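Engineer: sequence plus the predicted model coming up.
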Amino acid sequence: MQAPAPEQPVEGGYATYTLIAQIAVGRWAWHLPLYRQAKMLAGQGIIIDRSTLATWMARAAWWLRPLHECLLKAVLAQQRVYCDDTPLPVLAPGTGRTKTGRFWAYAIDDRLWSGPAPPAVAYLYAEDRKARHMVEHLKSFTGILQVDGYQGYGQLADREALPITLAYCLAHARRKF
């Protein structure tokens, strides 16, 4: 009789948590595309198709989703949140080109004020910079939101339900003088 095997991160696969973490870190922290990682592995005699690596990344995202939701909830529960967006190139299927997507960063850091919460950042993706994405992200947030000079933040302050106080960045404010 044999004990059942422990649950694997990819059902029916041999990939370990360590291998999937290595591929994810290479992809997201070191900006190594999956095709390049597949070539690097092949150079060591390990043949893994790029589509397999993509499946592993989707599975890793599935495993990490509850952690991301918990982080986002913890960040948006704070009284003060910093908000900014960063453009990033995104493949535009069928065109052979890229388009510009956005990562919205919602951060907390009260170390300067000896606050109780540890610093944290939660990222949310949007396909463009329209304010509707940010309004959706912050639908349950109340408090102070520190922002730059983007005009779309005005829609947050204009809401009657769950008002948000906007605190603008001084570096952007001085541009008016």
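Structural biologist: Right, received. Where do you want to start?
Engineer: use CA for all of it now, contacts and neighbours both
Structural biologist: Will do.
Engineer: how about stretch 23-38: buried residues?
Structural biologist: Going by neighbour count (16 or more other C-alpha atoms under 10 Å), the buried part of stretch 23-38 is 23-24, 26-27, 34, 37-38.
Engineer: and if you look at stretch 125-134?
Structural biologist: Buried residues in stretch 125-134, counted by 16+ other C-alpha under 10 Å: 126, 129, 131, 133-134.
Engineer: how about the contacts made by residue 37?
Structural biologist: Neighbour list for residue 37: 23, 26 [criterion: C-alpha atoms under 8 Å, 6 or more residues apart in numbering].
Engineer: that one and residue 129: what is the separation?
Structural biologist: Distance, residue 37 to residue 129, using C-alpha to C-alpha, to the nearest Å: 31 Å.
Engineer: what's the answer for residue 26, then?
Structural biologist: In this view, residue 26 and residue 129 are 27 Å apart by C-alpha to C-alpha.
Engineer: what of residue 86?
Structural biologist: Separation of residue 86 from residue 129 (C-alpha to C-alpha): 9 Å.
Engineer: what residues of the helix or strand hosting residue 155 count as buried?
Structural biologist: Assigning secondary structure by DSSP states H and E places residue 155 in helix 154-157. Neighbour counts over helix 154-157 (16+ other C-alpha under 10 Å) mark residue 156 as buried.
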